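Trainee: With the input below, show me the fold.
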Amino acid sequence: MELRLDDGQELMAHLSRERFDELRLEPQQQVFIKPREAKSFPLYYSI
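Mentor: A predicted model of the protein is given here:
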């Protein structure tokens, strides 16, 4: 799932289809997140 913070930054969140269905999320709905295994990558990273 793609999320956008108030300052415009974008996040990618992973959750099961079952959990997604339970939450009944709608586009543009405000949600609160609690990171469990947060990972960060440099903006201009290349291999």
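Trainee: what's the helix or strand of the chain with the lowest mean pLDDT packed up against?
Mentor: When each helix and strand of the chain is scored by mean pLDDT, DSSP states H and E, strand 10-12 comes last, with a mean of 86. Judged by 3 or more Cβ pairs under 8 Å, 6 or more residues apart in numbering; DSSP states H and E, strand 10-12 is in contact with strand 2-4. Placement of C-beta: from N, CA and C, glycine included.
Trainee: Residues contacting the strand it packs on, please?
Mentor: E10, L11, M12, A13, V31, I33 (Cβ atoms under 8 Å, 6 or more residues apart in numbering).
Trainee: can you put these in a markdown table and add neighbour count?
Mentor: Shown next, in a markdown table, are the contacts of strand 2-4 (neighbours: other Cβ atoms under 10 Å):
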| residue | neighbour count |
| --- | --- |
| E10 | 8 |
| L11 | 12 |
| M12 | 8 |
| A13 | 11 |
| V31 | 10 |
| I33 | 11 |
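Trainee: and those as a markdown table, adding distance to E22?
Mentor: Shown next, in a markdown table, are the contacts of strand 2-4 (distance: Cβ to Cβ, whole Å):
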| residue | distance to E22 |
| --- | --- |
| E10 | 24 |
| L11 | 20 |
| M12 | 20 |
| A13 | 15 |
| V31 | 13 |
| I33 | 15 |
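Trainee: which one of the residues you listed is nearest R19?
Mentor: Taking Cβ to Cβ as the measure, A13 is the one of these closest to R19, at 10.4 Å.
Trainee: residues in contact with that closest one?
Mentor: With Cβ under 8 Å, 6+ apart as the criterion, the residues that contact A13 are M1, E2, L3, I33.
Trainee: Quickly note the distance from the second one to Q9.
Mentor: Okay, so that is E2. Distance of E2 to Q9, computed by Cβ to Cβ, to the nearest Å: 11 Å.
Trainee: again, but for the last one
Mentor: Separation of I33 from Q9 (Cβ to Cβ) stands at 12 Å.
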